[in-house]
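In: what follows is a predicted protein model with its sequence.
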Amino acid sequence: MVPLKRRKVVSSSGAGSTGSTGRDDVTSATRFPQVVLFLLERKMGASRRAFLSQLGGKNGFQVEELFSERVTHVICENNSGEEVRRWLQSQAGSPAHLLDVSWFTESMRAGRPVEILDRHKLQEQQIKEVEVVAFSTPSYACQRRTTLDNHNAVLTDALSLLAENAELSDEDGRGVAFRRAAAVLKSLPEPVTGLTQLRGLPCLGGHTLRVIKDVLENGASSEVEATKQSERFKALKVLTGIFGVGVKTADQWIREGILSLHQLQDSERTLNRAQQAGLQHYEDLNQPVTRAEADAVAAVVEEAVASVLPGARMTLIGGFRRGKLTGHDVDFLITHPEEGREVGLMPKVVSWLDSQGFLLYQKTTRNSYLEAKDGPARPSSNMDRFERCFSVFKLPEEARRRAKEARGAAEETEPCSGPAAVSQVKGEGLKPWRAVRVDLVVSPISQFAFALLGWTGSKLFERELRRWAGHEKAMSLSSHALFDNKQSRYLRASSEEEIFAHLGLEYILPSERNA
Ligand code: UTP
Ligand code: MN
């Protein structure tokens, strides 16, 4: 006779005859008819399975010795959801719940089937892991929107430190590679949890992946930690932290045994004017500039510009234009809507600032870019050809306070006592000002859009724009112009949007250029 309803009855992988749970003793005491348990022997082991089955029976649970359609809850230990699902498929079964043994033990403790929570669900947990999104992102940073909310700061901090170390060691190629890798991670919408998610992402080489693996597995990268501790790295940071001191000078001093500011001062080495100012205002200049301080500087520069050339326009550029809350300096771009009126503007602005006592140091360079003479700008020649002023500003406490108030009490995150408020000048009490690095750039209106795009950054974003232009579009982009090599002509633009359009790129807002 064939039963009315034929049931598929199979044994748990090899556990068929081992259970000490006779079917009768477990079904007899059923208190929870809706719940039919099956304990998977796989990885749990036969003796533990037998013990737990008996425990279940004693507490009034139905525990099936064999897997069948009746089973409502499959209890597993140390199995991945994928493994269990594969096993179940081979049994052609699909019970309602795939649960971790924790649900079973909690139910035993409670003396009843406890509510199934996410953490109990083997299936859910494992699906998340198996179906974890593999990220994908375009190759060039200028094709991506990189905002300031970085979900992978631990990883990007590690890679940025290695980039910095490479740059300080005059290994720019390696530096760029680490910066590109960090930029890729900055653009991801979620934290990285495993290396498999990174498969297929651009710019992640073997070295970078080793660092990421180290951080994911151990919480920190041994290479990064060793670098931070290295005497050479520490000395390079201190010395290049002096305004006016570059990598080559710092390296030379280190080879001469100068590793600290004290040693530099004791060495009585002759310093140029910039370096003297850098050393004198070392503490202030290594203190991040806040947005309120940037506003205070802006108000002063605005007044200078308006006084010497009514109608001239000033724009905040650099990191603050990208929405950064702090910066190492404040950058401004100045122009006049009438071409040519900007000529001679910089010296006037500088002498106005100087006469008002705002400048602790300044060095001005002339605009050396001439389209007719220089031809299409090459990447190496596009950086410093504007009329430009590098300065150290003396920002009065009073101006800071006013700007802060104008900004409202919104900036409560700012330390209430900045360096100006706390740093003691020997014998003079509280210093009523702080030193701030300020860069001024003047551009003719015809180049304004290129200058604005080129000086807004980030540095990597700019580098990627130029790489995109050259490699993908056969164009040369600089802060002055865009040249189309195929058509042998300059492409004009009066806005950043037009430049992105010439380059065949979607427009990226300044706040999304934080690559
Ligand atoms: P900054 O060095 O001021 O960087 O250069 P930042 O993004 O404002 O960040 P902070 O100041 O460290 O907080 C600003 C932009 O100006 C361009 C860079 O490419 C960068 O995008 N720049 C800087 C030049 O084009 N030429 C230079 O000589 C210096
Ligand atoms: Mn800046």
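Out: Received the coordinates, thanks. The structure presented is a predicted model; accordingly, all values stated were derived computationally and were not measured. Numbers count the residues shown, from 1 in each chain. Ligands and ions are numbered 1, 2, ... in the order given.
In: tell me if the helix ranked longest in the chain is near ligand 2.
Out: In the chain, taking DSSP state H as the definition, the longest helix is helix 291-308. No: counting by Cβ under 5 Å from the ion, ligand 2 is not contacted by helix 291-308; separation bottoms out at 9.3 Å. All C-beta atoms are positioned from the backbone trio N, CA, C, and that covers glycine.
In: pLDDT of the helix or strand following that helix, averaged?
Out: Next in sequence after helix 291-308, counting helices and strands by DSSP states H and E, comes strand 313-317. Averaging pLDDT along strand 313-317 gives 98.
In: which other helices and strands contact whichever helix or strand comes after strand 313-317?
Out: Of the helices and strands lying after strand 313-317 in sequence (DSSP H and E), the nearest is helix 318-321. In terms of contacts (3 or more Cβ pairs under 8 Å, 6 or more residues apart in numbering; DSSP states H and E), helix 318-321 is packed against strand 326-327, strand 330-335, helix 448-456.
In: winner for burial among these?
Out: strand 330-335 (a mean of 24; mean count of other Cβ atoms under 10 Å).
In: can you give the strand pairings for that strand, parallel or anti for each?
Out: Here strand 330-335 is paired, per DSSP bridges, with strand 313-317 (antiparallel), strand 433-442 (parallel).
In: how distant is it from the center of its chain?
Out: Between the centre of strand 330-335 and the centre of its chain there are 26 Å (Cα atoms, centre = their mean, to the nearest Å).
In: may I have that strand exported as CSV, CA atoms only?
Out: Extracted as CSV, the C-alpha positions of strand 330-335 are listed here (Å, rounded to 0.1, in the frame of the first residue of the first chain):
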residue,chain,number,x,y,z
VAL,A,330,43.2,80.0,2.5
ASP,A,331,43.2,80.5,-1.3
PHE,A,332,41.6,83.3,-3.3
LEU,A,333,41.2,84.0,-7.0
ILE,A,334,40.8,87.6,-8.1
THR,A,335,39.7,88.9,-11.5
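In: after it comes which helix or strand?
Out: Remark: after strand 330-335, the chain's next helix or strand is helix 345-355, criterion DSSP H and E.
In: what pLDDT, on average, does that next one get?
Out: For helix 345-355, the mean pLDDT works out to 97.
In: for stretch 148-163, same thing?
Out: With pLDDT averaged residue by residue, stretch 148-163 scores 97.
In: what's it in contact with?
Out: 174-176, 178-179, 181-182, 185-186, 188-192, 208, 211-212, 215-216, 220-221, 223-224, 227-228, 322-324, 511, 514 (Cβ atoms under 8 Å, 6 or more residues apart in numbering).
In: cool, stretch 194-205 as well?
Out: When contacts are defined by Cβ under 8 Å, 6+ apart, stretch 194-205 is touched by residues 132-139, 177, 180-181, 183-184, 192, 209, 212-213, 216.
In: give me every residue in the stretch 251-400 of the chain lying close to ligand 2.
Out: Contact residues, the stretch 251-400 of the chain versus ligand 2 (Cβ under 5 Å from the ion): G318, G319, G327, D329, D331.
In: R70 contacts V36, correct?
Out: Yes: the criterion here is Cβ atoms under 8 Å, and R70 meets it with V36 at 5.0 Å.
In: what about the two, which has more around it?
Out: V36 (22 against 14; other Cβ atoms under 10 Å).
In: the nearest residue to V176 once chain neighbours are set aside and A141: what is the separation?
Out: In space, V176 comes closest to R463 once its chain neighbours are excluded; the distance is 7.1 Å by Cβ to Cβ, 6 or more residues apart in numbering. R463 is 8 Å from A141, where distance means Cβ to Cβ, to the nearest Å.
In: between the two, tell me which one has more neighbours.
Out: Taking neighbours as other Cβ under 10 Å, R463 and A141 compare with A141 leading, 29 against 20.
In: so is the residue lying closest to G323 once chain neighbours are set aside in a helix, a strand, or just coil?
Out: Spatial nearest neighbour of G323, excluding adjacent residues (Cβ to Cβ, 6+ apart): S511 at 4.3 Å. Look at S511: counting by DSSP: H, G, I helix; E, B strand; the rest coil, its state is helix.
In: give me the neighbour count for S511.
Out: S511 - counted by other Cβ under 10 Å - has 14 other residues nearby.
In: need the residues of the stretch 251-400 of the chain next to ligand 2 in CSV with distance to A304, can you?
Out: As requested, these are exported to CSV (distance: Cβ to Cβ, whole Å):
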residue, distance to A304
G318, 18
G319, 22
G327, 20
D329, 17
D331, 15
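In: closest to ligand 2 among the residues you listed?
Out: Distance to ligand 2 across these (Cβ to the ion) is lowest for G318, with 3.2 Å.
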